[in-house]
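> this one's sequence-less:
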């Protein structure tokens, strides 16, 4: 506690200093001014010490504070009296002794500054005391106003030069007091609005709100809200309230089957959201429950204004700013969008039931203050029902198409050209066609009846369903309005564009590794392209939106065909690389037999290489003959077989020396290939019996180098050079049409020893 000091004389002290009549001497002024300044400094020290003890050391000293305030007031009066006398009575002396009196004036200004600081400290102290009193009495609005005044004055005081210790002490006390006020108001808000969130297990309700208006005993709801707004604390609590209301009440009411009930409690009113299984999810029932929530809030809480002004913002308007956009988006996404009909026959029900219920709901929200007249997002959405219906239908079509594309490709159906008695498409979608009675003219070439039929093969069932969906969609488009028909037309186009993007990525692994799936993908793409060729022509005349131009899908044919071809070609390359890897075991067909006669009974590397190739080709035939069209299957396996034949022939022709045993062994290996390879080209419809050594008629057509294999076997099996020379026939024989002269001479050099006869034969082959 500060030590007491002598109380300075009041106006009598000034009277002693100043002469009642005459002039004030310079020495008296100096001495008396020094005494006044000494007294002011003593008061300053006591004020600083008192404030420090009160707010830093928490020492109660109310009486001494009042005494100090009185002393400050007396010193202020004395200094003001002295200043007036100096200003009025010694102006002449100031002119003659300006230097000395400037010092006196400076000391006087310093005294005034000290007095101003002391007055600020007293004023801050008074505000702190008043704020504490208002908090104790429950006058939170007045406490908030004093707190804001104290905040502004303290900020200005802190920015001035002065004692840092006192400023820090006052600022700390202000912060403690303000946080205490905010905490007290926050606790009252928590007691006013009680949220009950039950645990999910075994709960009979989703959420409960209790408005406990009886908890405000010392203050009113409006005073509480206005004090929170004054302290800039209302926004924080309203954001929390809006988040709970949206997540715990409004969203469950919109998304789930539930009802809203109100209850009267002893301490206030309650709103409960209860789940009900039999509750309808139609928009009108959802709107009814939502209105119960907003009416409950309007009656018990949200009509309070955040300021004293009659046209001030209400809590409901504050809530609108926080959640209106999210609330409308939730209604559109979870309530109105599912109610959009998927059938045109339900449009009348939507126009009469849903739109009228939405209009009534919008009007009620406007009356309650949650919505304004220009907040018409849900009405605009509901009134665009025709566009929404078309968009939903298109979205459902694309979603169903995508699900078909994700289905396994190996679930197949047979497509038989004999069963399809009509050209491309389904019978019910046929356009104009040539009747049976329209026979071709005599001078016109007659075309095959199956020229435009898709060949017999297997395709994925999902692709057949996809094409059925495309036909059904276009049929629906032909019976709809121009705008809707145009949308459906582009949806069908997007279906096939989506197919080109989804299938290669989703089924990538099986398309790369499984030959059967690759063949099915080839058939699927060709089947789709086959229908796209005339799909637009079939429906162009029946779609009103294409009166000036015909719809077309022809531009999609090339990408679809390319997709199927690339997939199948990649599989062919993989199979070819595996065949070449198997042939590498033959080691270039060098020394295929030993010198003894046991070579016939032994399995040499060359035997194993050829057997492995035949085994792979047989497996491909088993998988592809029931899937691919016979012509495509024969061409594909023929291409692979041709690569095997070419590799074997090139390796044998490149040999420089072939022994008799090697030659015979090679002949029997190639004989095995010649006999077993044609079976790899047989399709599922071919059951003709072939006698030993008989060549299937299609082998030479499917395997371009098959004749080279046969002529190579002839040279390996030739008894002497004359037979080879006769087959050459001076460059006009069969051998000359298959092999070049250099290749024949190379084989003769490898098979026969160097003799004059060989030289003569070589000379004749040119």
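Great, that's in hand. Quick caveat: nothing in here was measured; it's all calculated off a predicted structure.
> Find the centremost residue of the chain, please.
By Cα atoms, centre = their mean, the mean C-alpha position of the chain lies nearest to residue 333, the distance being 16.5 Å.
> Give me the pLDDT for it.
Residue 333 carries a pLDDT value of 89.
> what does residue 487 give?
In this model, residue 487 is scored at 86, pLDDT.
> next one: residue 142
pLDDT for residue 142: 81.
> Secondary structure element holding it?
Per DSSP states H and E, residue 142 falls inside helix 140-159.
> same for that helix, what does it pack against?
Helix 140-159 sits against helix 98-137, helix 164-192, helix 221-230, with contacts defined as 3 or more Cβ pairs under 8 Å, 6 or more residues apart in numbering; DSSP states H and E. Yep, even glycine has a C-beta here, placed from its N, CA and C like the rest.
> Deepest in the core, which of these is it.
Burial of those is given as mean neighbour count (mean count of other Cβ atoms under 10 Å); helix 221-230 ranks first at a mean of 21.
> what helices or strands is that helix leaning on?
helix 140-159, helix 164-192, helix 234-244.
> That one vs helix 98-137, what angle?
For helix 221-230 against helix 98-137, the angle between stretch directions is 140 degrees (axes from the mean of the first three to the mean of the last three Cα atoms, to 10 degrees).
> For helix 221-230, give the mean pLDDT please.
84.
> Repeat that for stretch 297-316.
Averaged over stretch 297-316, pLDDT sits at 85.
> So which bits of that stretch are buried?
Across stretch 297-316, burial judged by 16 or more other Cβ atoms under 10 Å covers 297-298, 300-302, 304-306, 314-316.
> swap in stretch 724-735?
Buried residues in stretch 724-735 (16+ other Cβ under 10 Å): 724-725, 727-728, 735.
> In helices, which of those residues appear?
Taking DSSP state H as the definition of helices, the buried residues of stretch 724-735 contribute 724-725, 727-728, 735.
> The residues you listed into TSV, with extra columns for distance to residue 227 and pLDDT?
TSV is the format used below for these (distance: Cβ to Cβ, whole Å; pLDDT from 0 to 100):
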residue	distance to residue 227	pLDDT
724	117	89
725	122	90
727	117	90
728	117	90
735	113	90
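> hmm, which two among these are most spread apart?
Longest distance between any two of these is 9.3 Å, between 725 and 735; criterion Cβ to Cβ.
> in the stretch 651-766 of the chain, which spans are strands?
Per DSSP state E, counting those that start in this stretch, the stretch 651-766 of the chain carries no strands over any range.
> which residue ranges form the helices in it?
660-676, 699-702, 706-717, 721-728, 734-738, 741-751, 756-764 (DSSP state H, counting those that start in this stretch).
> and those, which one's lowest on average pLDDT?
Looking at the helices of the stretch 651-766 of the chain, the bottom one is helix 699-702 with a mean of 84.
> Quick check: which helices or strands does that helix pack against?
helix 630-653, helix 706-717.
> which residues are in contact with it?
Applying Cβ atoms under 8 Å, 6 or more residues apart in numbering, the contact partners of helix 699-702 are 634-635, 637-639, 641-642, 677-678, 681, 706-707.
> Quick one: buried ones out of those residues?
Buried members of the contacts of helix 699-702, scored by 16+ other Cβ under 10 Å, are 634, 637-638, 641-642, 677-678, 681, 706-707.
> As a markdown table, these with distance to residue 476 would be great.
Shown next, in a markdown table, are the buried ones among the contacts of helix 699-702 (distance: Cβ to Cβ, whole Å):
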| residue | distance to residue 476 |
| --- | --- |
| 634 | 42 |
| 637 | 43 |
| 638 | 45 |
| 641 | 49 |
| 642 | 49 |
| 677 | 52 |
| 678 | 51 |
| 681 | 46 |
| 706 | 54 |
| 707 | 57 |
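> who touches whichever strand or helix holds residue 380?
If you go by DSSP H and E, residue 380 is part of helix 377-383. Applying Cβ under 8 Å, 6+ apart, the contact partners of helix 377-383 are 325, 328, 331-332, 336, 354-355, 358-359, 361-362, 388.
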